[in-house]
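Visitor: For reference, the sequence and a predicted model appear below.
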Amino acid sequence: MTVRHLTSLPLVLSLVGGCTVGPDFQTPKPPEIAGYGKDIAPPPAGGTTQRLVPGQDVAGDWWHLFQSEPLNALVRQALANNPTMAAGQAALRQARENVAAQQGFYYPSVSAGIEASRNLTPLAALSPTGPNGNPYYSLVTPQLNVSFTPDVFGANRRAVESLQAQADNQRFMLEATWVTLTSNIVAAAIQEASLRGQIEAIEHTVRIEGDLLKILNAQLRFGQVSGADVAAQEAALALAQQQLPPLRKQLAQQRDALIALAGRFPDDDIAQKFDLGSFRLPTELPVSLPADLVKQRPDVRQAEENLHAASANIGQAVAARLPQITLTAQVGNSANSPGNLFTPATNFWSLTGGLTQPVFDGFALMHRQRAARAAFDQAAAEYRSTVLAAFQNVADALRALQSDADAVNAASAAEQAAGRSLAIARKQLQLGQVAYLVLLNAQNAYAQAQLSQVQSRAVRLADTAALFQALGGGWWHRPPDSAGDP
């Protein structure tokens with residue numbers, strides 16, 4: 001039986017007819033809206049078509065929809081080894097123990113003790129305590145102390161409620177850590193794939209530029225082009241090569257980021273490597289109903305628990321201004337030797353009841369109550385701000401997906417057209433039918449089209465992953481972790 005299940009007993013022990021002062025928390029109602037924007041529509045057809053499915057649940061392992069086993073393996077490694085998850089689990093355990101500790105105040109506090117002393121009677125002032133006139137005597141006193149503070153006005157119940165809300169907040173913080181970690185792994189893997197694709201496109205451009213330089217050098221020997229044309233091509237080749245070091249630096253740093261997310265040190269590389277061919281674009285995308293989004297987003301649930309804790313704190317502030325009742329009892333024995341303990345006339349006991357009512361404290365308790373209400377108002381405003389940001393995240397992701405398909409289609413068409421134009425310009429240059437400047441323009445257009453095509457594909461993958469994160473990441477389907485769920 002867990003500690004939480006014992007809370008009914010202390011309510012009986014506290015005092016029959018006891019009340020709980022302060023407001024009773026009510027979960028905020030979800031926004032009464034139908035969608036995320038009037039002009040948001042499914043992504044357009046073309047290439048790989050994506051379909052929005054309103055009301056469809058978000059899978060707990062949504063990254064599997066990208067059909068990349070290296071990605072799946074890396075996410076498993078990160079969830080097992082990333083220290084942020086372990087830190088979040090430890091923080092959750094700590095918060096739950098604080099709840100259990102506060103629940104202990106529902107019960108009487110019992111302590112036992114024993115005192116032993118050797119004493120000398122000042123005969124000039126007092127008579128000996130014993131019948132034989134010996135001024136030396138011993139005293140052994142074991143006793144049992146019991147104290148109890150009845151929770152008449154629910155101060156402790158509100159304290160437990162506040163701590164439980166803080167523990168629930170910590171739980172949703174852990175869920176947010178899980179969602180963020182998995183989303184960061186996917187985003188980092190896609191970014192690595194994008195960088196590899198950009199490097200490959202630049203290397204392809206460098207090869208083309210190098211081949212053209214060879215052609216121009218051959219034509220220079222036959223007097224078909226000028227030295228200025230060759231120098232311009234050498235500059236174009238150098239400019240293409242100049243783009244590679246920054247991209248390679250970014251790729252190396254991206255690898256470091258992936259290694260760190262996996263919970264490893266930089267010299268312990270991961271086996272997985274990603275390129276754009278590693279991923280398949282998910283074709284069906286869930287779109288949660290607005291009423292469900294506030295239940296799914298861990299940041300919204302955190303804000304709700306902050307609001308709950310602030311509500312309970314008002315009750316504590318109100319209870320502090322009301323009478324405080326204490327009950328204490330002592331029972332024990334006192335004898336001049338251990339052998340005489342528990343004999344007649346050695347026992348003693350006392351029962352004490354106390355009631356304290358604050359009369360004047362410089363209005364400190366009143367202002368603390370007002371401060372608690374102001375903190376509640378602040379938490380309510382922060383909750384609304386968090387909800388607005390959550391809906392904005394989803395709307396942004398949906399709007400991005402609307403344009404991503406068009407961007408990919410346009411980039412693919414531009415790459416194909418630029419490739420054909422470059423091929424024609426190269427052939428015409430070899431035949432002496434066009435000036436070198438025409439070829440140079442065709443080269444630049446093709447290189448830019450290649451980069452745009454790679455980047456647009458990566459952006460579409462990243463925006464798809466961002467939608468799953470914006471919808472809450474499916475944390476409610478994940479298996480229980482070592483922190484344990486109640």
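Guide: That came in fine, so what should we check first? Residues are numbered from 1 along each chain as shown.

Visitor: Strands along the stretch 201-350 of the chain, start to end?
Guide: For the stretch 201-350 of the chain, applying DSSP state E, counting those that start in this stretch gives strands covering 284-287, 324-333, 347-356.

Visitor: for those, which one sits closest to residue 203?
Guide: For residue 203, the closest of these is strand 284-287, at 33.6 Å, according to C-beta to C-beta. C-beta: built from backbone N, CA, C; applies to glycine.

Visitor: partners of the closest one, with directions?
Guide: With DSSP bridges as the criterion, the sheet partners recorded for strand 284-287 are strand 51-54 (parallel).

Visitor: most packed of the strands of the stretch 201-350 of the chain?
Guide: The highest mean neighbour count among the strands of the stretch 201-350 of the chain belongs to strand 284-287 (a mean of 18), with neighbours defined as mean count of other C-beta atoms under 10 Å.

Visitor: give me the element residue 162 is part of.
Guide: If you go by DSSP states H and E, residue 162 is part of helix 155-221.

Visitor: distance between that helix and the chain's centre?
Guide: Its chain's C-alpha centre lies 17 Å from the corresponding centre of helix 155-221 when counted by C-alpha atoms, centre = their mean, to the nearest Å.

Visitor: between it and strand 324-333, how big is the angle?
Guide: Per axes from the mean of the first three to the mean of the last three C-alpha atoms, to 10 degrees, the angle that helix 155-221 makes with strand 324-333 is 110 degrees.

Visitor: that older thread, how about the strands of the stretch 201-350 of the chain in CSV, adding mean pLDDT and distance to residue 414?
Guide: Shown next, in CSV, are the strands of the stretch 201-350 of the chain (pLDDT from 0 to 100; distance: least, C-beta to C-beta, whole Å):
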stretch, mean pLDDT, distance to residue 414
strand 284-287, 92, 26
strand 324-333, 92, 77
strand 347-356, 92, 81
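
Visitor: hang on, the earlier thing: the helix holding residue 162 packs against which elements?
Guide: Secondary structure elements in contact with helix 155-221, counted by 3 or more C-beta pairs under 8 Å, 6 or more residues apart in numbering; DSSP states H and E, are helix 69-81, helix 83-103, helix 227-242, helix 244-261, helix 298-319, helix 364-430, helix 436-470.

Visitor: looking at these, which is closest to residue 333?
Guide: Ranking those by proximity to residue 333 (C-beta to C-beta) places helix 83-103 first, at 32.8 Å.

Visitor: what angle separates the closest one from helix 155-221?
Guide: Using the same axes, to 10 degrees, the interaxial angle of helix 83-103 with respect to helix 155-221 works out to 170 degrees.

Visitor: List the buried residues in helix 83-103.
Guide: Using 16 or more other C-beta atoms under 10 Å as the burial criterion, the residues of helix 83-103 that qualify are 85, 88-89, 91-92, 95-96, 98-99, 102-103.

Visitor: other SSEs contacting that helix?
Guide: Checking 3+ C-beta pairs under 8 Å, 6+ apart, helix 83-103 ends up next to helix 155-221.

Visitor: Look at residue 144 and give its secondary structure.
Guide: Three-state assignment for residue 144 (DSSP: H, G, I helix; E, B strand; the rest coil): strand.

Visitor: What's the local residue count around it?
Guide: 13 (other C-beta atoms under 10 Å).

Visitor: Surely it and residue 347 touch.
Guide: No: in this structure, residue 144 is not within contact of residue 347 by C-beta atoms under 8 Å, at 11.2 Å.

Visitor: Return every residue with contacts to both of the two.
Guide: With C-beta atoms under 8 Å, 6 or more residues apart in numbering applied, the overlap between the contact sets of residue 144 and residue 347 consists of 331-332.

Visitor: right, and residue 300 touches residue 387 too?
Guide: Yes: using C-beta under 8 Å, residue 300 is in contact with residue 387, at 5.8 Å.

Visitor: among the helices and strands packed on helix 155-221, which is nearest residue 165?
Guide: Of all the helices and strands packed on helix 155-221, helix 298-319 comes closest under C-beta to C-beta, at 3.9 Å.

Visitor: Please name every helix or strand in contact with the closest one.
Guide: Helix 298-319 sits against helix 155-221, helix 290-296, helix 364-430, with contacts defined as 3+ C-beta pairs under 8 Å, 6+ apart.

Visitor: Could you export those helices as JSON lines, including distance to residue 341, mean pLDDT and mean neighbour count?
Guide: JSON lines is the format used below for the helices and strands packed on helix 298-319 (distance: least, C-beta to C-beta, whole Å; pLDDT from 0 to 100; neighbours: other C-beta atoms under 10 Å):
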{"stretch": "helix 155-221", "distance to residue 341": "37", "mean pLDDT": "93", "mean neighbour count": "20"}
{"stretch": "helix 290-296", "distance to residue 341": "63", "mean pLDDT": "93", "mean neighbour count": "18"}
{"stretch": "helix 364-430", "distance to residue 341": "46", "mean pLDDT": "91", "mean neighbour count": "17"}
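
Visitor: Any chance of those in TSV with distance to residue 67 as columns?
Guide: What follows is the helices and strands packed on helix 298-319, written out as TSV (distance: least, C-beta to C-beta, whole Å):
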stretch	distance to residue 67
helix 155-221	13
helix 290-296	24
helix 364-430	18
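
Visitor: what's the closest of those to residue 328?
Guide: Taking C-beta to C-beta as the criterion, residue 328 comes closest to helix 155-221 out of those, the separation being 17.3 Å.

Visitor: Next, the angle from the closest one to helix 244-261.
Guide: Computed by the same axes, to 10 degrees, the angle between helix 155-221 and helix 244-261 is 150 degrees.

Visitor: What residues does the nearest residue to residue 407 once chain neighbours are set aside make contact with?
Guide: For residue 407, ignoring the flanking residues on the chain, the nearest one in space by C-beta to C-beta, 6 or more residues apart in numbering is residue 456 at 4.4 Å. Residues counted as contacts of residue 456 (C-beta under 8 Å, 6+ apart) are 404, 407-408, 410-411.

Visitor: Can you tell me which of the residues you listed lies closest to residue 236?
Guide: Checking these against residue 236 by C-beta to C-beta gives residue 411 as the nearest, at 22.0 Å.

Visitor: before we move on, the earlier item: Throw the strands of the stretch 201-350 of the chain into a markdown table and include distance to residue 257, thanks.
Guide: Conversion of the strands of the stretch 201-350 of the chain to a markdown table gives the following (distance: least, C-beta to C-beta, whole Å):
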| stretch | distance to residue 257 |
| --- | --- |
| strand 284-287 | 26 |
| strand 324-333 | 55 |
| strand 347-356 | 59 |
